[in-house]
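J.: Next comes the sequence, and after it the predicted model I'd like to discuss.
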There are 2 protein chains.
Amino acid sequence: MSKGAATRDRIIERALRAASVDGLEGISLGKLASDVGMSKSGLFAHFASKEALQIDVLAAASDKFKEIVVEPAFQAARGEPRVRSLFQHWLKWERNESLPGGCVFMHAIAELDDRPGPARDALVDWQQQWLDALAKAVRISVNEGHFRTDVDAELFAFQQYGLVMAYYHARRLFNDPRAEERVQRAFDALVVAARA
Amino acid sequence: MSKGAATRDRIIERALRAASVDGLEGISLGKLASDVGMSKSGLFAHFASKEALQIDVLAAASDKFKEIVVEPAFQAARGEPRVRSLFQHWLKWERNESLPGGCVFMHAIAELDDRPGPARDALVDWQQQWLDALAKAVRISVNEGHFRTDVDAELFAFQQYGLVMAYYHARRLFNDPRAEERVQRAFDALVVAARA
DNA sequence: TGCGTAAAAGTACGATCGGTCGTAAACTGC
DNA sequence: GCAGTTTACGACCGATCGTACTTTTACGCA
């Protein structure tokens, strides 16, 4: 890897941490530059615009999500074990040490849902891919005979999405020590209700 | 109402709309002043600081939530009807015409969950009150004999919270036309599972 | 009608914002 | 080791940020 690419990666890594705390808009080029220990202009030379940097940060978050959540979870056996594994790995995501402010997608969704543009488009695309992967794992569970044939895979993914968000909020906003137990019980109820 | 108080209300109303789209940090005093048709300094004279304005905006949002969601929903009969009514009114909240960018609390939670201070404290307080109200309605349903005695009221509120958030996201981010149907089916499953 | 107060405007501040430019230093391939 | 390119820097741009202080305008009441 060239020196420039390495610096760029360092910048984006830092920017991802910042975005996890303060959101994509909360990234300031000046602050970011001093964080990584370089001049603002030197930093800015790596990006066409702040918006381009934000999109790169989202892409880096998406890569990290695949690495930390999707790929390990897919090691689990097809069917219900994989559905459960996807959920468990997803819960761990916002606790990742490189995301001190929690799930960066939560911030990004709140910021971008009303702001059309390439950043929003990319975000919607990645989130949709994830929802599709969740639904597909449910459909496999049906095909494997683990889940009933009348289980609505998209509805299951929708419910799962809600539980994870409620969990994130319970942890980060309320510091609720029972959040973990609650989300586990709620998800278990979902799985049990889907079983053949 | 004095002229000053009326102006203040106009400002906060506008600021609430802005916060619904761009978040509390996204409110700019200059932009807000030109929106309400007055000078920045004239506007600023009504508030001790921007943070104070943000807290006033959150308080106004809380008042509006009580007016639009809580009070109408509590007209429903005790027990399951009220639980259902709370949910239905909650769904309508982010569609309210005074919140063009959706639920202002969603934005505020993402922004404030890592930023200690009076604004965060007030937000946590209001959200906790709401969760408590939801749980209390469930407990009443148990006492009325509508729900089983082993129903966990806090867990029910947790699940309900998740469904509403999934619904908001499905609508605002994905523009999913099936969001309404899905959230209704998911909530119905929750209620049916809780029935005596 | 006039006076005192409340409300709004005016002006200015230091800081920071995203972004540009010319140039120097550092790296890379020959 | 030199040439050419990549990388980073410092200075600077106009705009806007939140906030302070002073002055003018508008209102309410006697």
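T.: Arrived safely, thanks for sending.
J.: got the contact list for whichever residue of chain A sits closest to DNA strand D?
T.: Shortest chain A-to-DNA strand D distance, computed as C-beta to the nearest atom of the strand: residue-wise this is A:G4, at 2.0 Å. For glycine as for every other residue, the C-beta is placed from the backbone atoms N, C-alpha and C. By C-beta atoms under 8 Å, 6 or more residues apart in numbering or on different chains, the contact set of A:G4 is A:H46.
J.: how much space between it and DNA strand C?
T.: To DNA strand C, A:G4 is 9 Å away according to C-beta to the nearest atom of the strand, to the nearest Å.
J.: Next, that residue: secondary structure please.
T.: For A:G4, the secondary structure call by DSSP: H, G, I helix; E, B strand; the rest coil comes out as helix.
J.: Distance from stretch A:175-191 to the middle of the chain?
T.: In terms of C-alpha atoms, centre = their mean, to the nearest Å, the centre of stretch A:175-191 is found 19 Å from the chain centre.
J.: And it, what's buried?
T.: A:D176, A:A179, A:R182, A:V183, A:A186, A:F187, A:A189, A:L190, A:V191 (16 or more other C-beta atoms under 10 Å in any protein chain shown).
J.: now the residues you listed in JSON lines, with distance to A:V124 and secondary structure?
T.: As requested, the buried residues of stretch A:175-191 are exported to JSON lines (distance: C-beta to C-beta, whole Å; DSSP: H, G, I helix; E, B strand; the rest coil):
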{"residue": "A:D176", "distance to A:V124": "30", "secondary structure": "coil"}
{"residue": "A:A179", "distance to A:V124": "27", "secondary structure": "helix"}
{"residue": "A:R182", "distance to A:V124": "29", "secondary structure": "helix"}
{"residue": "A:V183", "distance to A:V124": "25", "secondary structure": "helix"}
{"residue": "A:A186", "distance to A:V124": "26", "secondary structure": "helix"}
{"residue": "A:F187", "distance to A:V124": "25", "secondary structure": "helix"}
{"residue": "A:A189", "distance to A:V124": "29", "secondary structure": "helix"}
{"residue": "A:L190", "distance to A:V124": "25", "secondary structure": "helix"}
{"residue": "A:V191", "distance to A:V124": "28", "secondary structure": "helix"}
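J.: Pull the most distant pair out of those residues.
T.: Farthest apart among the buried residues of stretch A:175-191 by C-beta to C-beta are A:D176 and A:V191. That separation is 22.3 Å.
J.: how about the longest helix belonging to chain A, does it reach chain B?
T.: Counting residues, the longest helix found in chain A (DSSP state H) is helix A:118-143. Yes. Contact of helix A:118-143 with chain B is found when judged by C-beta under 8 Å from any C-beta of the partner chain, involving A:L123, A:V124, A:Q127, A:Q128.
J.: any idea how far A:V142 is from A:H89?
T.: Using C-beta to C-beta, to the nearest Å, A:V142 is found at 21 Å from A:H89.
J.: ok so, going back, name the helices or strands packed onto the first helix or strand past the longest helix of chain A going along the chain?
T.: Next in sequence after helix A:118-143, counting helices and strands by DSSP states H and E, comes helix A:153-172. The elements that helix A:153-172 packs onto, with contact taken as 3 or more C-beta pairs under 8 Å, 6 or more residues apart in numbering or on different chains; DSSP states H and E, are helix A:80-93, helix A:118-143, helix A:179-194, helix B:153-172, helix B:179-194.
J.: can you list the ones you listed in JSON lines and add mean pLDDT and distance to A:L99?
T.: Compiled in JSON lines, those are given as follows (pLDDT from 0 to 100; distance: least, C-beta to C-beta, whole Å):
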{"stretch": "helix A:80-93", "mean pLDDT": "98", "distance to A:L99": "8"}
{"stretch": "helix A:118-143", "mean pLDDT": "98", "distance to A:L99": "15"}
{"stretch": "helix A:179-194", "mean pLDDT": "98", "distance to A:L99": "17"}
{"stretch": "helix B:153-172", "mean pLDDT": "98", "distance to A:L99": "19"}
{"stretch": "helix B:179-194", "mean pLDDT": "98", "distance to A:L99": "27"}
